[in-house]
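# model the structure of this input:
(2 chains)
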Amino acid sequence: MYGNAYIDPNEKPKSIIDGEDPIKLAEFEARIARGEKIEPKDWMPREYRKQLIRMIEQHAHSEIIGALPEGTWITRAPGFKRKLALMAKVQDEVGHAQLLYSAAETLGKSREAMINDLITGKSKYSNVFNYPAFTWADACIIAWLIDAGAIINQVANAKGSYGPYCRALDRICTEESFHLKYGHDNVVTLATGTPTQRKMVQEALNRWWPPIMHFFGPSDKISNHTEILMRWKVKMATNDDMRQQFLNMYVPKIWDLGLTVPDANLKKNEETGKWEYTEPDWDEFKRVINGDGPCNAERLAVRRMAEERGRWVREALHTPKSTYVVPLA
Amino acid sequence: MIKSLDPRVTREQIDIDNQIAPLKDLDQWETYEVFHQKKRGDQHMHVGIVHAPNAEMALLFGKEQFGRRGVSVNIWVVRTADVFTSDYDDSDIFETVPEKQYREAAGYKVMEKINKYKKQNK
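Okay, here's the model as predicted:
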């Protein structure tokens, strides 16, 4: 479950291909232009490697932290079937993290280094998971709409240029399709249920709408940097394009259920075909992604607790003779 | 900050500022490449990797990671360090003469010859 890589807007813009071998760079770009994938041991520009590590790592962290708000609802899921399904979904999310950590590892950053950067707060993860799931309906809205947003992002990125990331995403998208259907089923059950159930799901939607609008990130500054990343098929669509795609696919489905979206300005402009909406509060987004959200501290504390309590098991199983080799693909 | 809704926080009462020592190298063990067979009769296919301390644990993690939806009937694991690979930089080792029809069934067209022979010997 992941929106889009957060690129720090204050990062110093510099020419990202400075010092690269022009012949190798031309071959690399020609390979991507032909639609071929880049594999781990191929030559690649430094910036390509750096951006991919950052992106895949953030994606992996988002999966593992994303399991936490939903995980809290496993014990209270209404009914045996929903409990089974939610456990399966949460297990899938953690499995996705493992697939993604592996893909990032092929670029040369170890899983230990990535986990260390997560638990010290150095690496980012998707901002939505810094918000709490107050009721069962919140867990349902997450499973439907946050996963829907994640699928839009992941389907786009699966057509990217880096082989291991694309292969991981293909597998992830297959599993996410179950999450989406499961979430939709839950929301429909509440929305077509008693007045209390309808009220509960409407209130959850109201709470989650701002984080959902934040999900794909602020409008991209069209810069030389973005252009090169798009040419290298690291970034596959602009944040705004993905947000439009999401609104186009899901707002009608929300309205179908007689639910309201808490934005009076939300409507499709029939002339341009684009959705118009109130600009999300990007100051809040920046504040939360930089650590000051309702759940940032506890998410990382829970993660550190899990690492710490599992440590003796991992150490007991450690084989002194083993050596680390970067995974192949 | 709001009161936590996470039972791991509320019941365990973990300290929000529970700083821990960083993970050491190989904390997550080495990696194994995983191959699974979807159904009897299929080839085993490479599906990805797992981190594991030994082959038995790699099988267990491989089953959980790649076989939990019942899409596997058999799994192989092999240490990544034990796989010998060719290099993409040496892709020219696969280059060969451009015309290799003599290796293909489609390179052999006998019907024309047979028909011609039949016509001549009618």
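# which residues of the stretch 151-300 of chain A lie near chain B?
Listed as neighbours of chain B in the stretch 151-300 of chain A under the rule Cβ under 8 Å from any Cβ of the partner chain: A:167-168, A:171, A:175, A:294-295, A:297-298. Where C-beta positions appear, they are placed from N, C-alpha and C, glycine not excepted.
# now those in CSV, with neighbour count, pLDDT and distance to residue B:31?
Shown next, in CSV, are these (neighbours: other Cβ atoms under 10 Å in any protein chain shown; pLDDT from 0 to 100; distance: Cβ to Cβ, whole Å):
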residue, neighbour count, pLDDT, distance to residue B:31
A:167, 19, 97, 15
A:168, 26, 97, 14
A:171, 17, 95, 17
A:175, 18, 93, 21
A:294, 13, 92, 37
A:295, 24, 93, 32
A:297, 18, 92, 32
A:298, 22, 92, 31
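# which of those lies closest to residue A:49?
residue A:168 (16.7 Å; Cβ to Cβ).
# OK, contacts around the closest one?
By Cβ atoms under 8 Å, 6 or more residues apart in numbering or on different chains, the contact set of residue A:168 is A:96, A:99-100, A:102-103, B:48.
# now do residue B:79
A:325, B:30-33, B:55.
# circling back: out of the contacts of residue A:168, list just those in strands.
residue B:48 (DSSP state E).
# pipe the contacts of residue A:168 into CSV and attach neighbour count, distance to residue A:186 and pLDDT per row.
Converted to CSV, those look like this (neighbours: other Cβ atoms under 10 Å in any protein chain shown; distance: Cβ to Cβ, whole Å; pLDDT from 0 to 100):
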residue, neighbour count, distance to residue A:186, pLDDT
A:96, 27, 20, 97
A:99, 25, 25, 97
A:100, 27, 26, 98
A:102, 23, 31, 97
A:103, 28, 30, 97
B:48, 24, 30, 96
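# elements contacting the helix or strand where residue B:51 lies?
Here residue B:51, judged by DSSP states H and E, is contained in strand B:45-52. When contacts are defined as 3 or more Cβ pairs under 8 Å, 6 or more residues apart in numbering or on different chains; DSSP states H and E, strand B:45-52 packs onto helix A:80-105, helix A:163-191, strand B:30-37, helix B:55-66.
# now distance to residue A:70 too, for these, in a markdown table please.
Below are those laid out as a markdown table (distance: least, Cβ to Cβ, whole Å):
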| stretch | distance to residue A:70 |
| --- | --- |
| helix A:80-105 | 6 |
| helix A:163-191 | 10 |
| strand B:30-37 | 27 |
| helix B:55-66 | 19 |
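# and of the ones you listed, who's closest to residue B:78?
Of all these, strand B:30-37 sits nearest to residue B:78, with 5.4 Å by Cβ to Cβ.
# mind checking if that closest one is in reach of chain A?
Yes: using Cβ under 8 Å from any Cβ, strand B:30-37 reaches chain A at B:30-31, B:33.
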